[in-house]
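Novice: this one's structure only:
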């Protein structure tokens, strides 16, 4: 087995890669909408890229939604791109340094042909940043082929019957780092470990976006005797090992099918396309009846000697017939495919199967395929399916596949050709000088492990420190540590745990600026506020949208004084004297719950716990004395 990864990570820069728009996704109604169709262009030699030809044949219409704060004329392809985002370039070069890769002398932006609608222009802008790096994985070196900087694609927000796709332009143009490994990975688990290690290196930059969809992995897999298959857009790290395992199993199954077929045939012969609609004039099949009511037809074709091979299991829960159905669905948009190894079924009777065999001139050893659709699509789908049957003698076909939530994959489109890039003439090149690289090297943030160690030195628990590494607040925490190391425990508790708790209550801290959080911590320290009181200030800030001083005044007015707390604890102890006499110190838990209900979050749990235990023990002292001999 050989596996290679392509890691795509969104950068958390202020602006997009080729314009001044911000890089945040925007929900809500679109401010403008326009429609386009994209067509493949031929090379100077008259050739068309296979993937581009496939997209063109689908004849889809693309609808684009835009919001002015997150997209402009550049995203609409109505204005030339602006110069390359310098901040994004610096981050990409830092990443190259961390992966021991050699930066290029000049950064040249290229256009990569893409006409699936994800780019309004019909191409994606990308620039090679560095080559020839490596990372160490448990003593094994995994090579890095290239590091590129490119613009992200528009995001799909809707699709209608494979004819119209609706895109949102807010994601188009967000800077991405693309890291491609060499095919040095030799197992599913190793693939997952490499992806995790690269992810941690990217996290070290501190300015990468977090959340589902902000990092995507393309997984290239091949087994001996197979071919390269690219699984695009794996978003969850935990799926990588499953996908590699399934894809290796699928390719091995296709190779086994190939060897069995080669032992019997030198080529796959098929019969002509035949209209067998009349066979189903009185059918009980709901699928066929529904299609016929729309004026559709049933077309069939014989595949000589193929009986039993449509049902050949190529992987767990995956048969060769399912591969054919994927091709018909993706390439032509047809879902109504039946093959002889699964019939009679779906309401199609044995008698109807017998008549189909007669019309297609099938022997007992022959298989057949039926397509139910409009006549044009049915003919096109049969051609695709028959071609794929003949390719069974090849075994594994190079293609792009889509990941599924269970770790399986489905055919997506033909794999793109290597020659689909050409220079972007609207963006000037950037010379990469040694002085600039040396300066960047000094600005690379410290390793994440060092941050964990520093937090633990400042009495933050190991578990909390590890949570901090996976938090979007990490850069701010590190900023606070530099100026207020004594606030490490308070800041971690507030930003790692309390903010999440409030988000579940519907109070989101997304709009809080770094300055407000730093001022919140500073004021809390100067006033001697513990975590509980600081949390209440944050709650007021988020719920009432007031300024920081007002939030502090409100919490101070409502906070419980020491005398108030003592009086409250005495009242609770008095009311529960029978419980105390019966259970002694074992009554503490019940008493603690009652006191905390009454203070309503105005006093920290640690303070209540200490004061309550002191009061409880005072009440129990006379009983202990009388019990002594």
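Specialist: The structure has been received and is ready for your questions. It should be emphasised that the depicted structure is a prediction, and the values quoted were computed from it without experimental measurement.
Novice: Please name the residues that touch residue 372.
Specialist: Contacts for residue 372 (CB atoms under 8 Å, 6 or more residues apart in numbering) come out as 287-288, 291, 296-298, 336-338, 378. Every C-beta, even on glycine, is put in place using the N, C-alpha and C of the backbone.
Novice: what about 10 Å?
Specialist: For residue 372, the contact set (CB atoms under 10 Å, 6 or more residues apart in numbering) comprises 277, 280, 285, 287-288, 290-292, 296-300, 334-338, 378, 381.
Novice: Please flag which of these sit within strands.
Specialist: Judged by DSSP state E, the subset of these located in strands is 297-300, 337-338.
Novice: Please compare these by their distance to residue 524 and name the closest.
Specialist: Among those, residue 337 lies closest to residue 524 (CB to CB), at 65.3 Å.
Novice: can you list the weak-confidence ranges in the chain?
Specialist: 161-162, 557-563, 600-604, 622-629 (pLDDT under 70).
Novice: So what's the residue count around the closest residue to residue 432 other than its chain neighbours?
Specialist: With CB to CB, 6 or more residues apart in numbering as the criterion, residue 432 has its nearest non-adjacent residue at 5.3 Å, and that residue is residue 103. Residue 103 has 20 neighbours, counted by other CB atoms under 10 Å.
Novice: Show the contacting residues for residue 103.
Specialist: Listed by CB under 10 Å, 6+ apart, the contact set of residue 103 reads 92-93, 96-97, 128-131, 147, 432, 434, 436-437, 440.
Novice: of all the residues you listed, which comes closest to residue 43?
Specialist: Distances from residue 43 to these, taken by CB to CB, are shortest for residue 128, at 20.7 Å.
Novice: Check the secondary structure at that closest one for me.
Specialist: What DSSP: H, G, I helix; E, B strand; the rest coil gives for residue 128 is strand.
Novice: Might one say that it is in contact with residue 112?
Specialist: No - under the criterion of CB atoms under 10 Å, residue 128 makes no contact with residue 112, lying 11.3 Å away.
Novice: what residues do the two have in common as contacts?
Specialist: Listed as contacting both residue 128 and residue 112 by CB under 10 Å, 6+ apart are 148, 150, 421.
Novice: now, among those, which is nearest to residue 517?
Specialist: Nearest to residue 517 among those, with distances taken as CB to CB, is residue 150, at 32.6 Å.
Novice: wait, what's in contact with the closest residue to residue 118 other than its chain neighbours?
Specialist: Nearest non-adjacent residue to residue 118, counting by CB to CB, 6+ apart: residue 153, 3.5 Å away. Neighbour list for residue 153: 8, 114, 116-119, 124, 167, 171-174, 176 [criterion: CB under 10 Å, 6+ apart].
Novice: if we go to 7 Å?
Specialist: By CB atoms under 7 Å, 6 or more residues apart in numbering, the contact list for residue 153 reads 118-119, 124, 171-172.
Novice: And residue 267, by the same measure?
Specialist: residue 393 are the contacts of residue 267 under CB under 7 Å, 6+ apart.
Novice: List buried members of the contacts of residue 103 by neighbour count.
Specialist: With burial judged by 16 or more other CB atoms under 10 Å, the buried subset of the contacts of residue 103 is 92-93, 96, 128-131, 147, 432, 440.
Novice: what would the residues you listed look like in TSV with distance to residue 272?
Specialist: TSV is the format used below for these (distance: CB to CB, whole Å):
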residue	distance to residue 272
92	56
93	60
96	57
128	50
129	54
130	55
131	52
147	52
432	61
440	65
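Novice: which one among the residues you listed gets closest to residue 21?
Specialist: Nearest member of these to residue 21, counting by CB to CB, is residue 92, at 19.4 Å.
Novice: Identify the residues contacting whichever strand or helix holds the closest one?
Specialist: In the assignment (DSSP states H and E), residue 92 maps to helix 86-98. Helix 86-98 is contacted from outside by 11, 13-14, 17, 103, 107, 129-130, 133, 147, 149, 175, 177, 201-202, 204-205, 207, 430, 437, 440-441, 444, using CB under 7 Å, 6+ apart.
Novice: same thing but 8 Å
Specialist: 11, 13-15, 17, 102-103, 107, 129-130, 133, 147-149, 175, 177, 179, 201-202, 204-205, 207, 430, 432, 437, 440-441, 443-444.
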